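Asker: I need the structure of the sequence given here:
(chains A, B, C and D)
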Number of protein chains: 2
Amino acid sequence: MIFSSKAEYGVRLMVELGRQSPGTGRDGQTDDVGQPTSLKAIADAEGLPLAYLEQVVARLRKADLVMSARGAHGGYWLSRGPSEITMYDVVSALEGQIAPMDCFVHDPTDRVVCSHPAEAGRHCATKLLWTRVQGGIVRSLQTTTLADLVEFSRHSEERAERPLTIPLTLTATPES
Amino acid sequence: MIFSSKAEYGVRLMVELGRQSPGTGRDGQTDDVGQPTSLKAIADAEGLPLAYLEQVVARLRKADLVMSARGAHGGYWLSRGPSEITMYDVVSALEGQIAPMDCFVHDPTDRVVCSHPAEAGRHCATKLLWTRVQGGIVRSLQTTTLADLVEFSRHSEERAERPLTIPLTLTATPES
DNA sequence: TGGAACACCTACCGGATTGGTAGGATTTAC
DNA sequence: GTAAATCCTACCAATCCGGTAGGTGTTCCA
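Answerer: Numbers count the residues shown, from 1 in each chain, chains lettered A, B, ... in the order given. Coordinates of the predicted model:
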């Protein structure tokens, strides 16, 4: 499995906050945030352990994706509109740097490098592969916004109890 | 990190075998395989632990990607031409099923399903995301063949001691 | 003014996985 | 018959994962 359950829980948490967000359609400043949502409400709605969700949401807060208010009637809300939050923001906040391989890190110049750069005079060919894989992952994460998931969630909510099919242009057919 | 070092080692092993493969350009039956390459030679060339490589190559053999001959002067060779081996074949043989999330498995009908199918009457929105991510990964793996990596390896070998740049159409720019 | 309801923080913990090592058994060329 | 090689299984230390536990700090409300 490529991502851990932190990503799963965190994304579901964000979707839940997005569903509460008043300015889903608008793209204004959204200063009016409405009532904050408590973690306990989300944990109950999604059936997730509250104490563990606390650790998950801490990462989202440190990445400035959510804001919080302490005390009674406190809770969390999105720090900007769902259409301005890409899933790359969310997943990389939860999972750390997204790299297909250990040796695959970014140096300060934002250039992809390999930590074992040249083997016996030639470049490691695996770098070509991992670069392409990373590109595929990052592109799919960057082109999916939280608003997409919120809309999908609302859409499938309307016509419920349907068999599970995925309305996608890209149907995954991993077996050749 | 998304893939383990099994994938790294296994891909490098396959590239090494591909470099030895006589019929890189041809696509015939390649019954003439030449000399088999011993694991020790590969381990020495790549600086990898031999005993661990044995476990890695066992997976490639079970997936019918390499063939072997025992005894003195034995070794391994590709079971078909490098241009007919995609990196999806290789990586999924090494890493098992490629799925972005635990709940993401294939049932016998080859349809993507989610093990926690409907939460409170609606579909989990994360499935939309993981389906796209999986599509991005699988597509990048399927469109890269072993022949691509072998050629890249040979190409960068000719003009050695150059700064590390990646000749790709898709330059990875994960940071927005 | 005192709960109650929250966010926030840190330590711990059992189980699984990873990245090997060790030691052999078997097969084949010379 | 010996060396070179594949093949097989068991083991091991370290790390990560998914969570639990137990607390502190802050704010609202009766």
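Asker: for the residue in chain A positioned nearest to DNA strand D, what are its contacts?
Answerer: Here chain A gets closest to DNA strand D at one residue, A:G71, 2.1 Å apart by CB to the nearest atom of the strand. In short, each C-beta sits where N, CA and C put it, glycine included. Not one residue lies near A:G71 by CB atoms under 8 Å, 6 or more residues apart in numbering or on different chains.
Asker: close to DNA strand D: what parts of chain A are there?
Answerer: On the criterion CB under 7 Å from any atom of the strand, DNA strand D has as its neighbours in chain A the residues A:4-6, A:9, A:49, A:51-52, A:54-55, A:69-74.
Asker: let's see if you can find the most crowded of those.
Answerer: Compared across the residues of chain A next to DNA strand D, A:Y9 has the highest neighbour count, 22 neighbours, by other CB atoms under 10 Å in any protein chain shown.
Asker: buried sites along stretch A:39-48?
Answerer: Buried residues in stretch A:39-48, counted by 16 or more other CB atoms under 10 Å in any protein chain shown: A:L39, A:I42, A:A43, A:E46, A:L48.
Asker: let's see which of the residues you listed end up in helices.
Answerer: A:L39, A:I42, A:A43, A:E46 (DSSP state H).
Asker: specify which member of those residues is nearest to chain B.
Answerer: A:E46 (6.7 Å; CB to the nearest CB).
Asker: shouldn't that closest one be in contact with A:V11?
Answerer: No: in this structure, A:E46 is not within contact of A:V11 by CB atoms under 8 Å, at 10.6 Å.
Asker: wait, doesn't A:A45 sit right on A:E16?
Answerer: Yes: using CB under 8 Å, A:A45 is in contact with A:E16, at 6.3 Å.
Asker: show me the helices in chain A, by range?
Answerer: Under DSSP H, chain A gives helices at A:5-20, A:39-46, A:50-62, A:87-95, A:126-142, A:146-158.
Asker: list the helices and strands the fifth one packs on?
Answerer: Taking 3 or more CB pairs under 8 Å, 6 or more residues apart in numbering or on different chains; DSSP states H and E as contact, the helices and strands that helix A:126-142 lies on are helix A:87-95, strand A:104-106, strand A:112-114, helix B:5-20, helix B:126-142, helix B:146-158.
Asker: so is it next to DNA strand C?
Answerer: No: residues of helix A:126-142 contacting DNA strand C under CB under 7 Å from any atom of the strand: none, with a closest distance of 13.9 Å.
Asker: residues of that helix that come out buried?
Answerer: Those would be A:126-141, for helix A:126-142 by 16+ other CB under 10 Å.
Asker: dump it to CSV, restricted to CA.
Answerer: What follows is helix A:126-142, C-alpha atoms only, in CSV (Å, rounded to 0.1, in the frame of the first residue of the first chain):
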residue,chain,number,x,y,z
THR,A,126,16.0,3.8,-12.3
LYS,A,127,15.9,7.5,-11.9
LEU,A,128,14.2,7.8,-15.2
LEU,A,129,11.5,5.4,-14.0
TRP,A,130,11.0,7.0,-10.6
THR,A,131,10.8,10.4,-12.1
ARG,A,132,8.0,9.4,-14.4
VAL,A,133,6.2,7.6,-11.6
GLN,A,134,6.5,10.7,-9.3
GLY,A,135,5.2,12.8,-12.2
GLY,A,136,2.2,10.6,-12.5
ILE,A,137,1.4,10.7,-8.9
VAL,A,138,1.9,14.4,-8.4
ARG,A,139,-0.1,15.4,-11.5
SER,A,140,-3.0,13.3,-10.3
LEU,A,141,-2.9,14.9,-6.9
GLN,A,142,-2.5,18.4,-8.1
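Asker: so that helix versus helix B:146-158, what angle?
Answerer: Orientation check (axes from the mean of the first three to the mean of the last three CA atoms, to 10 degrees): helix A:126-142 against helix B:146-158 gives 120 degrees.
Asker: now the angle from helix A:126-142 to helix A:87-95?
Answerer: Going by the same axes, to 10 degrees, helix A:126-142 is angled at 110 degrees with respect to helix A:87-95.
Asker: and helix A:126-142, what's its mean pLDDT?
Answerer: For helix A:126-142, the mean pLDDT works out to 94.
Asker: again with the shortest one
Answerer: This predicted structure assigns helix A:39-46 an average pLDDT of 96.
Asker: cool, and the third one?
Answerer: When pLDDT is averaged over helix A:50-62, the result is 97.
Asker: picking up where we left off before, save the ones in helices among the buried residues of stretch A:39-48 as TSV, and put in distance to DNA strand C too.
Answerer: Shown next, in TSV, are these (distance: CB to the nearest atom of the strand, whole Å):
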residue	distance to DNA strand C
A:L39	4
A:I42	8
A:A43	9
A:E46	14
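Asker: which ones, among these, also lie beside chain B?
Answerer: Residues of those in contact with chain B (CB under 8 Å from any CB of the partner chain): A:E46.
Asker: grab the nearest non-local neighbour of A:P36.
Answerer: With CB to CB, 6 or more residues apart in numbering or on different chains as the criterion, A:P36 has its nearest non-adjacent residue at 3.2 Å, and that residue is A:G75.
Asker: ok, the one you found touching A:A69?
Answerer: Yes: taking contacts as CB under 8 Å, A:G75 lies within contact range of A:A69: 6.4 Å.
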